[in-house]
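Participant: Structure for this input, please:
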Amino acid sequence: MCLILIFSVSAIPSNSVAEGDDIIIESNMTWSDEVTLTQNVRVVNGGSLSFVNSQVEISNEVSIYVDSTSSLNLENSELSASHPPSGLAGFGYCDEGNRSAVLASSSSNQNVRMYVRPIQGFTLDGVVAHFGDDTKELSGEEDFIPLGNGPVDTWVGLTGPLCHPISLSEISVEKAGQERVWSDAADFPHRNMMVYGEPGFTIEIDGSMGSNASSLFGGHISTSGSIHINDSSIDRVGPITLASDDAEIHLGGNTQFTNSTDDHDIRARAHSSIVWGDDVSGSGGLTDKWERRISDQSLSFDAMFVKFDITGMYKFPSYSNFSNEMGVSFIDGGRERVVEIAWSEDNTWEENPIWSEQAIVTITDYRTAWNPEESGIGDYGGGQFELTWDSEVLVESGTPMVSWVSLVVMGEEGELSEATVGDSVNVEGVILNSGSAAASLALNCEDVSTNATSQISPSFPNTVIGPGEQAEISFSWRVSVPGDDSISCRILTPTQLVDEFAFGGGQRDSQNIVNWVIADVDDEATIIPALIALVIATSAGGYLLLSIYNGREEDLDE
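Facilitator: I've put the predicted structure just below:
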């Protein structure tokens, strides 16, 4: 017997390389017969590991990793965990058709009891057992259900307090007076329950994995690469995780899932590829075929404090939020949410075999300085749009995009080249709005020569520009200092914008320079004032001389 046991287990082949505690495979390698795997395996650098006609027992917490250049293949082989997940957990339903149940069987003719224990950390308090026409309230960390005289073949239903899910770790079905023999709860026939517990091993595929006419039991499989499974059984393994949008899984032949550890057999990212063949069967019952999920999804706006509603999400009749100081709003706080469910073949209450999210985003408040309510311009953001499954959804529709066309100082005959200091001249600016919403905007201008605020009227020229339109802004300009100068104007952008130029804008110098000069003095205009000044001066001088002369005469007479 010892010799049989020794030769029935083959050691790890000698042409593998041990690196620390891991087995490293970098070439094509095949393992056959019976294998006990106690070390982690890493298939890397283009290597390939194949199990052919092999029965492999994988020790607890052992992992198999396949990098993006390598592959793992199973052909007529079995991969089994030495410590598979062994508990059971309910879905949380109380109605008779959907509540959790375990089949208790005994051939004894004596009084039979079914003893149950909850999963560690839970109790049986508030749990009610339903058997035949009877019920019993359970409590504590161990209790029993009296099934009467045998033989027994009874489904025992279990409901938690307020329909909370129940859990079981071990079950014992025995006749009166018999010593209790405990077995894993997951080993009993059950319905409307999931297998519960940590996976006995893990397989992580960044490259590729294939399984043909093989079985996998008690582990967990995840991939960011590709998996092809045909005519294989997958027990206590689901859900297989597609960890990236590029991951893909192809299920064909008579492949069958059983005893998934969640309420679905495959968990995928939003854009992962899933091919489910016609003859492939899932765990069934309340366990669906697959779920697509998305996490950290956000709406990104050009402005802060934009308010919106979302309808049509799974389990959310309506959801409302607003963008933060960075213009970003994480949907449901960035938590992972379901965007697609392929229902179980046993599902009778859904009209379609697959539900896919078709959520609608409605902008409820998107106001900036360019579209205040008094302007008559509606909310930016495009009103309503369908929420895609992208991680970041950019909300760019229904906003303006403005840019300069021209800025010219004008005279009576076109562009002005010279003006008199103190006079006002006309400036004409043309602005284009290539966006999809109107904008009510204003300008601020400076003299290029001094960088000082220009003397313009009105102080902040403004206009409303419709989508796809050009608008002209006219205003007057004057300077107080002679010399060459031009005017530079900037489109004032809303302070609510995260990026100052998200809606366009910018600064523009006038395309012509104006020579500002002091007014010329006309000769004829200066003669009369000079003569008048001369007459006044002469009169004043004569009067002064006459006064002096009269004064002296008075002195002589005395």
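
Participant: Wait, residue 455 touches residue 485, no?
Facilitator: No. Counting by C-beta atoms under 8 Å, no contact exists between residue 455 and residue 485, whose distance comes to 11.4 Å. To be clear about C-beta, it is placed using only N, CA and C from the backbone, and glycine gets the same treatment.

Participant: tell me, what's touching the two both at once?
Facilitator: In terms of C-beta atoms under 8 Å, 6 or more residues apart in numbering, residue 455 and residue 485 are both contacted by the residues residue 479.

Participant: more crowded one of those two?
Facilitator: More crowded of residue 455 and residue 485, by other C-beta atoms under 10 Å: residue 485, with 20 against 14.

Participant: Low-confidence regions, the stretch 51-200 of the chain specifically.
Facilitator: Scanning the stretch 51-200 of the chain for pLDDT under 70 picks out 176.

Participant: let me redo that: the stretch 451-558 of the chain
Facilitator: Ranges of the stretch 451-558 of the chain meeting pLDDT under 70: 521-558.

Participant: where along it do the strands fall?
Facilitator: Taking DSSP state E, counting those that start in this stretch as the test, the strands found in the stretch 451-558 of the chain are 455-457, 462-465, 469-478, 483-485, 487-491, 506-509, 514-517.

Participant: Pick the most buried one from those strands.
Facilitator: Burial of those is given as mean neighbour count (mean count of other C-beta atoms under 10 Å); strand 487-491 ranks first at a mean of 21.

Participant: From the contact counts, what lies against that one?
Facilitator: strand 402-411, strand 425-433, strand 439-447, strand 506-509 (3 or more C-beta pairs under 8 Å, 6 or more residues apart in numbering; DSSP states H and E).

Participant: okay if I get the ones you listed as CSV plus distance to residue 137?
Facilitator: Shown next, in CSV, are those (distance: least, C-beta to C-beta, whole Å):
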stretch, distance to residue 137
strand 402-411, 72
strand 425-433, 72
strand 439-447, 69
strand 506-509, 75
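
Participant: Out of these, which is closest to residue 174?
Facilitator: Residue 174 lies closest to strand 439-447 among these, at 80.7 Å (C-beta to C-beta).

Participant: so what does the closest one touch, helix or strand wise?
Facilitator: strand 425-433, strand 462-465, strand 469-478, strand 487-491.

Participant: Of all the ones you listed, which one is nearest residue 117?
Facilitator: For the helices and strands packed on strand 439-447, distance to residue 117 was read as C-beta to C-beta. The smallest value, 71.5 Å, belongs to strand 425-433.

Participant: and the helix or strand where residue 41 lies, what other elements does it pack with?
Facilitator: Using DSSP states H and E, residue 41 sits in strand 40-43. Here strand 40-43 touches strand 22-25, strand 62-66, going by 3+ C-beta pairs under 8 Å, 6+ apart.

Participant: What strands line up against that strand, and which way round?
Facilitator: strand 22-25 (parallel), strand 62-66 (parallel) (DSSP bridges).

Participant: give me the number of residues near residue 210?
Facilitator: Other residues near residue 210 come to 18 when the count uses other C-beta under 10 Å.

Participant: Which secondary structure elements does whichever helix or strand it is part of sit against?
Facilitator: Per DSSP H and E, residue 210 falls inside strand 208-212. With contacts taken as 3+ C-beta pairs under 8 Å, 6+ apart, strand 208-212 sits against strand 71-75, strand 226-230.

Participant: Sweet, I'm off.
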